[in-house]
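Engineer: here's a sequence, model it:
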Amino acid sequence: MEDESAKVIGTLNEARAYGLANRESLPQVVKQILNFISNPNQSVQAWCAKFLREVFMEPSASILPAVKTDLALDALPFMVTLANIKDLEAFKDAIDVSVLVYKLAFRFVAENDGVNASSIWLHLVELRNSMVAKFDSQFPFELSFDLEKDSLRNVHAKVELLKFIMTVIDYQLRSSSSKYFLIARVSSEHSQMKISLMETEAAALLDVVLKPLQNDILVTPLVTATLNHLSTIVRRKRQFMDRILPLLESFDTETKLQSNYESIETFKLSKKYVDRTLRVLLNYMSKSQVIPPPFTNSINRKIALLTSRGDDIRKKNILQQGPADQKIQKRPFEGFQNGEKKLKSLDYKNLYALTDSSSDLSSFDVSNLPQNILVSMTLNALNRASSVKLSKALDIIATRYEGAVKDLSLVDTAKVKKFEDEEEEDGADANGFEDEIKYTLPPPKLLSKDEKKQQLNLIVNNFIDLANKGGKPEDIAEAPSSSGVSSELTKVVVNSWQPDTWSILLTRLATRGMRTILESEDTSELSDIIRKALLDYFLASIHDRVDVAIEWLNEEWYSESVTNEQKKKDEVTEKWYKKYAEDPNEDGNMEENIRKEMDSITVETPTYNKWAQQLLDALIPFLEPTDRKIFLRMMSDLPALTKSMVLGIKSLCADPARSKLGFLSLQYLIMYRPPVKDYCLDVLREMATGDQEDLKEEAEKLLQKYQ
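Structural biologist: Below is the predicted model:
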């Protein structure tokens, strides 16, 4: 099955290359590829989703608007199928395509109330209903018994779905601005579009997207995305200000509970950045004069409160523990306090215990209760427990039991062996002489995958704790010098402990240390544990730890480049030696041929690209307008920038408070990093052709200067 899907994807790649190389044939190629979406293989469907995103979204496709509308109408019947792919990245691609397809198809139906309008409208309604239903679910993941964990686990999909739902709201509601598509232009006699019904549906959807603001915990990416989208709604749909403003007034991060799946430091940072986003939104509304007079005073008080709170936070280190931390309350935990699948001791109490072993409840002896009360308690508990949570609990207990039985069988085997050894010892000779007893240590027990992760996490956490404590000069121990050691060797050896030595050790362990053993999925996961710890350490205080992030990513890129280049060279060398062995008389310098082929090969660094992208994706949403030096240094000192990394700057440009920082970064990269100049120009072209008037002018100005 995998070989068959690989062949199909190979054929699709050839068609894609042909279509992009021959622009006049691209629409026909797209229409042919649409038929492959019905292929049941998920990898083929994921490829189709990625290809459609490239065709509709990337400037490189350069399709005429009329042709793009025709392709959107052709793709519309297939979008529900793509939106049902249970793969996060493919699902996100499908949503991006669906947003544009929905816009184009909606406008077409609005302007063409003909024969085909009925079928197109039915597909639009089906796509809209499918996406809205997924926003209230955990798609593409399975629903679990722990709703709190689900809300945090599926945040990336929900942020993408939010874009689609906001598009539906924008298109189905009357607008106070004439710059964009107006539902009021649709004829009241339209056979498919009933304006009053659409407005009712859109108003209900607005209530759906405002729900994250009313949760008892902060799902920060979703909350900030919602607040950013509201800036568009309040500008274009002022009839809903009476519904939005009371909610923004009552929204207060100080009343939110800390999630059980985030640290107290993360929770405090979340409150800080959500408050900042809310303050930017309210300031924007105030400057745009969209706030109705009855709300003016209360909104001004809210802005003053948020500004004062932000100034207070900037004066102190938010990550340090303080008296206010004691007042932070956690959300009641819905999961299992003891979800370990391995028994610590072989007894029934530990076999069935899912509560904390140190709690008073664990020491309570239920055998002292009368049988009728026990039966009543058990039946009541079973009736109240959800089937999903009960199934998960039984799965944990079954795994514990299987492990315990396996361990007992090993113990029984050891006892039998010991008994046989004792019988042999009883057979000593008549004179009482026995062989000398030799004791050999057994080989160390191999660690399981989970045990390796646990030990590595312990090591990494100790290093991070050491970094947080810092180090005094008098505490730093110098290694003794040796006159017999080459000075060249001492250049690459940590011969004295410095405050930043821990980061060197961790980065070398993640990049080079794990490569000393055979590459496997397990070793990759272990390396990623270290990388995740370094990323979290940097994000906890970006102003003070930018050096650590830059050193880590430079080491990541260098190590991966050297390793992958050597692998490529070994492959090329083996190929040319094999060719020489087959035909020794062939003319040509083999070493020169190897060198030429190596010069033409591009060495890929996928691991560096992944973690550098993650760092920038996490950093950009939390940048303040005053963080210009930090961001410019990051963009200049990273060893390599991919197109997707540069595209991330677009979100800065779109933020009214940080627009100057975004355009300054693009200008800096164009001037001082020529390899990424084309990427920057693509971002500027995309903004220059977009529908945001405030970005067009600045983007066109830079294009005229540097294009």
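
Engineer: okay, now the unreliable bits of this protein?
Structural biologist: 1-2, 115, 145, 176-181, 337-339, 407-449, 469-500, 513-523, 583-588, 590 (pLDDT under 70).

Engineer: phi, psi for residue 260 please.
Structural biologist: Phi and psi for residue 260, reported as degrees, to the nearest 10, are phi -70, psi -10.

Engineer: can you report how many residues lie near it?
Structural biologist: Counted with other CB atoms under 10 Å, residues neighbouring residue 260 total 16. Every residue, glycine included, has its C-beta placed from N, CA and C.

Engineer: for residue 542, same thing?
Structural biologist: Residue 542, neighbours per other CB under 10 Å, totals 19.

Engineer: swap in residue 621?
Structural biologist: 18.

Engineer: what sits against the closest residue to it other than its chain neighbours?
Structural biologist: Spatial nearest neighbour of residue 621, excluding adjacent residues (CB to CB, 6 or more residues apart in numbering): residue 224 at 6.5 Å. Going by CB atoms under 8 Å, 6 or more residues apart in numbering, residue 224 touches 273-274, 277, 621.

Engineer: rerun that using 10 Å as the cut-off
Structural biologist: By CB atoms under 10 Å, 6 or more residues apart in numbering, the contact list for residue 224 reads 159, 212, 218, 270, 273-274, 276-278, 280-281, 621-622.

Engineer: could you do residue 225 as well?
Structural biologist: Contacts of residue 225 (CB under 10 Å, 6+ apart): 155, 158-160, 162-163, 166, 209, 212, 219, 277, 621.

Engineer: ditto for residue 241
Structural biologist: 233-234, 248, 285, 290-292, 295.

Engineer: run the last query once more with 6 Å
Structural biologist: residue 292 (CB atoms under 6 Å, 6 or more residues apart in numbering).

Engineer: surely it is within a helix?
Structural biologist: Yes. Counting by DSSP: H, G, I helix; E, B strand; the rest coil, residue 241 is part of a helix.

Engineer: could you measure from it over to residue 213?
Structural biologist: 15 Å (CB to CB, to the nearest Å).

Engineer: for residue 221, same thing?
Structural biologist: 13 Å.

Engineer: secondary structure element holding the residue nearest to residue 118 when sequence neighbours are not counted?
Structural biologist: Nearest residue to residue 118, sequence neighbours excluded (CB to CB, 6+ apart): residue 192, at 6.2 Å. In the assignment (DSSP states H and E), residue 192 maps to no helix and no strand.

Engineer: if I pick residue 679, what's in contact with it?
Structural biologist: Contacts of residue 679 by CB under 6 Å, 6+ apart are 643, 646.

Engineer: now swap in the one 4 residues further on and tell me
Structural biologist: For residue 683, the contact set (CB under 6 Å, 6+ apart) comprises residue 650.

Engineer: and the closest residue to residue 623 other than its chain neighbours, what helix or strand is that in?
Structural biologist: Closest residue to residue 623 apart from its sequence neighbours, by CB to CB, 6+ apart: residue 631 at 5.8 Å. In this assignment (DSSP H and E), residue 631 forms part of helix 628-637.

Engineer: okay, the contacts of residue 224 in JSON lines with distance to residue 664 next?
Structural biologist: Below are the contacts of residue 224 laid out as JSON lines (distance: CB to CB, whole Å):
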{"residue": "159", "distance to residue 664": "26"}
{"residue": "212", "distance to residue 664": "32"}
{"residue": "218", "distance to residue 664": "30"}
{"residue": "270", "distance to residue 664": "27"}
{"residue": "273", "distance to residue 664": "21"}
{"residue": "274", "distance to residue 664": "25"}
{"residue": "276", "distance to residue 664": "20"}
{"residue": "277", "distance to residue 664": "21"}
{"residue": "278", "distance to residue 664": "25"}
{"residue": "280", "distance to residue 664": "18"}
{"residue": "281", "distance to residue 664": "23"}
{"residue": "621", "distance to residue 664": "18"}
{"residue": "622", "distance to residue 664": "18"}
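
Engineer: return the member of the residues you listed nearest to residue 322.
Structural biologist: When the contacts of residue 224 are compared for distance to residue 322 (CB to CB), residue 270 wins out at 16.7 Å.

Engineer: so what does the closest one look like in phi/psi?
Structural biologist: Residue torsions, per degrees, to the nearest 10, at residue 270 are phi -60, psi -50.

Engineer: tell me the domain boundaries of the chain?
Structural biologist: 1-170, 210-324, 336-364+372-407, 447-471+493-604, 623-707 (automatic domain parsing).

Engineer: which one of those domains lies closest to residue 201?
Structural biologist: domain 1-170 (8.1 Å).

Engineer: from the chain's centre, how far out does stretch 121-138 sit?
Structural biologist: 24 Å (CA atoms, centre = their mean, to the nearest Å).

Engineer: kindly report the same for stretch 534-554.
Structural biologist: Distance, centroid of stretch 534-554 to centroid of chain: 18 Å (CA atoms, centre = their mean).

Engineer: contacting residues around that stretch?
Structural biologist: 265, 319, 464, 503, 507, 612, 615, 618, 630, 637-639.

Engineer: can you pull the buried residues of that stretch?
Structural biologist: Residues of stretch 534-554 classed as buried: 534-535, 537-542, 545-546, 548-554 (neighbour count, 16 or more other CB atoms under 10 Å).

Engineer: can you give me the helices for the stretch 451-600 of the chain?
Structural biologist: Ranges of helices in the stretch 451-600 of the chain, per DSSP state H, counting those that start in this stretch, are 487-490, 501-511, 521-540, 546-582, 590-600.

Engineer: correction: the stretch 251-400 of the chain
Structural biologist: 264-287, 293-315, 348-352, 371-384, 387-426.

Engineer: highest mean neighbour count out of these?
Structural biologist: Stretch with highest mean neighbour count among those: helix 264-287 (a mean of 19; mean count of other CB atoms under 10 Å).

Engineer: so what touches that one?
Structural biologist: 218, 220, 223-224, 227, 231, 234, 253, 258, 291, 299, 303, 306, 309, 313, 318-319, 540, 622, 656-657.

Engineer: next, count neighbours for residue 619.
Structural biologist: Neighbours of residue 619 (other CB under 10 Å): 20.

Engineer: nearest residue to it in space, please, no chain neighbours.
Structural biologist: Nearest non-adjacent residue to residue 619 (CB to CB, 6+ apart): residue 542, at 6.3 Å.

Engineer: quick check on that neighbour: phi, psi?
Structural biologist: Per degrees, to the nearest 10, the backbone of residue 542 is at phi -70, psi -30.

Engineer: what distance do you get for residue 22 to residue 28?
Structural biologist: For residue 22, the distance to residue 28 - CB to CB - is 10 Å.

Engineer: ignore what I typed, I meant residue 195.
Structural biologist: 37 Å.

Engineer: the residue nearest to residue 623: neighbour count?
Structural biologist: 24.

Engineer: can you pull up the most central residue in this structure?
Structural biologist: residue 156 (6.5 Å; CA atoms, centre = their mean).

Engineer: which one of the contacts of residue 224 is nearest to residue 81?
Structural biologist: residue 159 (22.4 Å).

Engineer: next SSE after the strand or helix carrying that closest one?
Structural biologist: Per DSSP H and E: residue 159 is located in helix 155-172. Next helix or strand after helix 155-172 toward the C-terminus (DSSP H and E): helix 195-209.

Engineer: distance from that next one to the middle of the chain?
Structural biologist: 30 Å.

Engineer: may I see the buried residues of that helix?
Structural biologist: For helix 195-209, using 16+ other CB under 10 Å, the buried residues are 195, 198-199, 201-203, 205-206, 209.

Engineer: out of those residues, who's nearest residue 39?
Structural biologist: Ranked by distance to residue 39 (CB to CB), these are led by residue 205 at 32.3 Å.

Engineer: so the closest one touches residue 170, yeah?
Structural biologist: No. Using CB atoms under 6 Å, residue 205 makes no contact with residue 170, being 10.4 Å away.
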